[in-house]
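S.K.: okay, predicted coordinates and the sequence, questions at the end:
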Amino acid sequence: MRALRWGLSLSLAGDLAQPGVIADVATAAETAGWDGFFVWDHLWNRTGEPFADPWVTLAAVATATRRVHIGPLVTPLPRRRAHVVAQQAATLDRLSGGRLTLGLGLGHDNYGEYSAFDEPLRDARSRATALDEGLELLTTALTGDPVAAAGGRPTTIACLQRPRCPIWVAGTVPRTAGPRRAARHGLDGIAVVGGGVWTASHVSALLTAGGFEPGGIDVVLVGGTHPDAASLAEAGATWAVTEVMPGTSAADALAMASRR
């Protein structure tokens, strides 16, 4: 098994709502040797502060960097339109030279990101259905191939990566919906939270839930701590991602990015 790759995932509120600041942090992360640089996709969260748009911010990151993998971690697909996300993602993949990984999830309404605007998908079950429907369209649209739901016409210029950019779907341990969804749609990874101190047993349980062998899919451990990177990698984990939380100053984010 290859060694773990290491990434940062940043809130886009407060100081970090400025795309130029995020581009500077991404440049520092790339220089320090981080492998991935990801951003949150929210309107706001528990702080109540508005967030910057992730796609515009990631475009700034793409033009400021050359090596790191980039992407949203994660975009709540039920709050967006799948064909528009496909267009945004494929464009960003081409802009970045084929470095995009597209993180997708259900989203939630804990802070009113759906209900404040009378969005209909307020319960997890309806959002799960919408995510599955969106994935069916999106996985085809990203390839540039004709999309049946669009009358058999292509809707998106293809990603630079072929057949499309990698897709990670969100999950929470110990629930198994994430790995089962990844298996059902033929996705490339699962990005999971809730592990606290991540262990090899977390990784094995996720792989078993989806019917995967170690190395058969990306297992992305988001947040928490990763005290035994070697055992995590041996079990089949591929990424460890540190979160930069709301309220972090630009100076502190730069310091974190510079310390890999």
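M.R.: Done, it's in. Small disclaimer: the values here were computed from a predicted structure and weren't measured. Numbering: from 1, shown residues only.
S.K.: where does the closest residue to residue 36 other than its chain neighbours fall, phi/psi-wise?
M.R.: Closest residue to residue 36 apart from its sequence neighbours, by CB to CB, 6 or more residues apart in numbering: residue 7 at 3.1 Å. Heads up, the C-betas are built off the backbone N, CA and C, glycines and all. Residue 7 adopts backbone torsions of phi -130, psi 160, taken as degrees, to the nearest 10.
S.K.: how many neighbouring residues does residue 7 have?
M.R.: 25 (other CB atoms under 10 Å).
S.K.: and the pLDDT for it?
M.R.: Predicted confidence (pLDDT) for residue 7: 98.
S.K.: partner residues bridging it?
M.R.: Residue 7 has these beta-bridge partners by DSSP bridges: residue 36, residue 241.
S.K.: ok, it to residue 72 distance?
M.R.: Taking CB to CB, to the nearest Å as the measure, residue 7 falls 12 Å from residue 72.
S.K.: confidence score at the nearest residue to residue 11 once chain neighbours are set aside?
M.R.: Counting by CB to CB, 6+ apart, the nearest residue to residue 11 once its immediate chain neighbours are dropped is residue 246, at 4.4 Å. At residue 246, the model reports a pLDDT of 93.
S.K.: go on, residue 118?
M.R.: 86.
S.K.: neighbours around it, how many?
M.R.: Using other CB under 10 Å: residue 118 sits among 7 other residues.
S.K.: then residue 100?
M.R.: Residue 100 has 29 neighbours, counted by other CB under 10 Å.
S.K.: show me whatever sits in contact with both of residue 7 and residue 72.
M.R.: Common neighbours of residue 7 and residue 72 (criterion: CB atoms under 8 Å, 6 or more residues apart in numbering): residue 38.
S.K.: confirm the residue nearest to residue 11 sits in a strand?
M.R.: No: under DSSP: H, G, I helix; E, B strand; the rest coil, residue 246 falls outside any strand and is assigned coil.
S.K.: contact partners for it?
M.R.: Here residue 246 is in contact with 11, 13, 14, 45, 46, 47, 49 (CB under 8 Å, 6+ apart).
S.K.: kindly report the same for residue 213.
M.R.: Here residue 213 is in contact with 207, 236 (CB under 8 Å, 6+ apart).
S.K.: what about it, which SS state?
M.R.: Secondary structure of residue 213, per three-state DSSP, is coil.
S.K.: and the gap between the closest residue to residue 47 other than its chain neighbours and residue 50?
M.R.: Leaving aside its sequence neighbours, residue 47 sits nearest to residue 246 (CB to CB, 6+ apart; 4.6 Å). Relative to residue 50, residue 246 is positioned 11 Å away (CB to CB).
S.K.: list residues touching both of these two?
M.R.: Residues within reach of residue 246 and of residue 50 at once, by CB under 8 Å, 6+ apart, are residue 13.
S.K.: and residue 10, what is it in contact with?
M.R.: For residue 10, the contacting residues are 16, 22, 25, 37, 38, 39, 40, 243, 244, 248, 253, by CB under 8 Å, 6+ apart.
S.K.: again, but for residue 205
M.R.: So residue 205 contacts 173, 174 (CB under 8 Å, 6+ apart).
S.K.: so where do the strands sit in the chain?
M.R.: Using DSSP state E, the strands of the chain run over residues 5-10, 36-39, 69-72, 75-76, 102-105, 146-147, 153-154, 167-172, 189-193, 218-222, 239-244.
S.K.: how about those in TSV, adding distance to residue 139?
M.R.: Formatted as TSV, these follow (distance: least, CB to CB, whole Å):
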stretch	distance to residue 139
strand 5-10	23
strand 36-39	20
strand 69-72	16
strand 75-76	14
strand 102-105	10
strand 146-147	10
strand 153-154	14
strand 167-172	7
strand 189-193	14
strand 218-222	16
strand 239-244	21
